[in-house]
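Novice: below is the structure, and that's it, no one-letter string:
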RNA sequence: GUGGUCGUAGCUCAGCUGGUAGAGCUCCAGAUUGUGGUUCUGGCUGUCGUGGGUUCGAGCCCCAUCGAUCACCCCA
């Protein structure tokens, strides 16, 4: 018999892990709502046309398609099958696909419901997305994104607030991070000045790898992509910029003086930096990274990427402004900006840093030991009061060796155990043991509730 | 989609130039019939990923296949 298994790149989440995951989700959700974002959910699957063409050629390949039900070959001719023209055949047999991110379905939603929506529209969405990637460290085929987006507002105040959300959430989760920011307009300006405006995508893919393959690696990549020496020389100028964001932005402004778009990008970043610095951040830093590109090609303005400090891991959050994502679906002139937390990577980082707070081991706070029928009923009465007081509590469902019952509490990470035998029962008291310190004392029911509520 | 590494007990792994498998941890029981985590004692656990080949004989060599993992591309 084959061992049962799950698809590549997917995972089961055990109760112990889910308690911790839910902690992350709740912190993120709380901050989103604190900043005025409202919840939204969209279907796991979308029509294929909704998704294709939004994520670049590479992205299209990574979309999971869903095979049609029934006689799914009925629309495919024998000639098409013979020719093995995959893209043609795929169209005929798969009209649905699993969502690849949350931003595109959101844009689709905004367009479909534009008449019912009050703009600026702020929504958050916490749902899984799927990518047919080959799994590796920190990369899964099914993972959760936690997005907050606002559409219908051009104001850079949104960008500033989104940086504050990054900072608030990651500070609460005890994951100090660097928030890298750049602007697509600047990248476009560079391409323009270098005379390669039409090949901006290629250029950004190359310079995005700077921290991975170094300056010489980037230049080599540009060469193999057959960029001219003049263009490469212009791009090289980027690597020579040093100092704080102000001096670097000034240097870029000089470099981009021939590009109106590029200068607009510089101006935007200056504004965002000024505001963020005036307001201040907690445990995160905002850092200008001119080489930051981001692959999703719908971004047009500010782009974000967040990396946890002191951990070897890809980016844990991303985001950016997209001026015309809704335009693709027929609603022009509505700009949006949003961010995304990668909950699975944040989980991995928190595990590595060991920063989960106590209380994320178990949802149960108190276990009653079971001594038999009479005591059982007595405990059940107390449990009603304890649960009414909002404390998560349970009783071991059968009489058994104390060793076994205490071990159960220990395995489950339950912090308190109440023991009520005949003696306690007759005196109307509870023997309460703190499993962490090992201390045990007799308390009354109100005392116990008071103690566990704290 | 391309390339590398690895599959032996529930987990982490050892196993010499081929001679029919072992350690630690976990788990279970007892020491302790009203107390977990620490300590001590005892015990269970394997189609050596799968299929084929070479050989008197394969965990070890060869081929295939599946799975895991890391890197590239790309990305949370």
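Specialist: Nice, I can see it. Predicted, not measured: the structure shown is a model, and the values here were computed from it. Numbering: from 1, shown residues only, chains lettered A, B, ... in the order given.

Novice: contacting residues around the residue nearest to residue A:424 when sequence neighbours are not counted?
Specialist: Leaving aside its sequence neighbours, residue A:424 sits nearest to residue A:431 (CB to CB, 6 or more residues apart in numbering; 5.7 Å). For every residue, glycine as well, the C-beta is placed using N, CA and C. Counting by CB atoms under 8 Å, 6 or more residues apart in numbering, residue A:431 touches A:418-420, A:424, A:440-442.

Novice: just residue A:46 next, same as before
Specialist: With CB under 8 Å, 6+ apart, residue A:46 has these contacts: A:96-99, A:104-105, A:108.

Novice: same thing but 6 Å
Specialist: A:99, A:105 (CB atoms under 6 Å, 6 or more residues apart in numbering).

Novice: within the helices and strands, which one has the residue nearest to residue A:424?
Specialist: Using DSSP states H and E, residue A:431 sits in strand A:430-434.

Novice: close to RNA strand B, is that strand?
Specialist: Yes: residues of strand A:430-434 are located near RNA strand B by CB under 7 Å from any atom of the strand, namely A:431, A:433.

Novice: same check, this time on stretch A:169-182
Specialist: No: between stretch A:169-182 and RNA strand B, judged by CB under 7 Å from any atom of the strand, nothing touches; the nearest distance is 10.7 Å.

Novice: what comes into contact with that stretch?
Specialist: So stretch A:169-182 is contacted by A:27-28, A:31, A:166, A:282-287, A:289, A:292, A:303-309, A:349, A:355 (CB under 6 Å, 6+ apart).

Novice: whichever helix or strand residue A:28 is part of packs against which elements?
Specialist: For residue A:28, the enclosing helix or strand under DSSP H and E is helix A:15-34. Helices and strands touching helix A:15-34, by 3 or more CB pairs under 6 Å, 6 or more residues apart in numbering; DSSP states H and E, are helix A:157-172.

Novice: in the helix or strand following the helix it packs on, what counts as buried?
Specialist: Note on helix A:157-172: by DSSP H and E, the next helix or strand toward the C-terminus is strand A:177-183. Buried residues in strand A:177-183, counted by 16 or more other CB atoms under 10 Å: A:177-183.

Novice: and which of the residues you listed is nearest residue A:23?
Specialist: Of all the buried residues of strand A:177-183, residue A:23 sits closest to residue A:177, with 17.7 Å by CB to CB.

Novice: and that closest one, bridged to which residues?
Specialist: residue A:308 (DSSP bridges).

Novice: swap in residue A:416?
Specialist: Bridge pairing for residue A:416 - DSSP bridges - gives residue A:366, residue A:434.

Novice: looks like it contacts residue A:364 (just checking).
Specialist: No: using CB atoms under 6 Å, residue A:416 makes no contact with residue A:364, being 9.3 Å away.

Novice: looking at the two, which is more packed in?
Specialist: More crowded of residue A:416 and residue A:364, by other CB atoms under 10 Å: residue A:416, with 20 against 17.

Novice: quick one, grab the pLDDT at the more buried one.
Specialist: pLDDT, residue A:416: 96.

Novice: if I look at it, how far off is residue A:370?
Specialist: As judged by CB to CB, to the nearest Å, residue A:416 and residue A:370 stand 16 Å apart.

Novice: contacts for the one helix or strand residue A:320 maps to next, please.
Specialist: Using DSSP H and E, residue A:320 sits within strand A:317-322. With contacts defined as CB under 6 Å, 6+ apart, strand A:317-322 is touched by A:298-306, A:336-341.

Novice: so which bits of the stretch 251-400 of chain A are right by RNA strand B?
Specialist: A:293-296, A:305, A:314-318, A:340, A:342, A:344-345.

Novice: and which of those residues is nearest to residue A:91?
Specialist: Nearest to residue A:91 among those: residue A:296, at 23.1 Å, using CB to CB.

Novice: give me the buried positions along stretch A:373-387.
Specialist: A:375-376, A:378-379, A:382-383, A:386.

Novice: ditto for stretch A:425-444
Specialist: A:429-433, A:435, A:443.

Novice: how about those residues in CSV, adding pLDDT?
Specialist: Formatted as CSV, the buried residues of stretch A:425-444 follow (pLDDT from 0 to 100):
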residue, pLDDT
A:429, 95
A:430, 96
A:431, 95
A:432, 96
A:433, 96
A:435, 93
A:443, 96
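
Novice: which members of the residues you listed define the maximum pairwise distance?
Specialist: A:429 and A:435 (19.1 Å).

Novice: doesn't residue A:399 fall inside a helix?
Specialist: No: membership of residue A:399 in a helix is not supported by DSSP: H, G, I helix; E, B strand; the rest coil, which gives coil.
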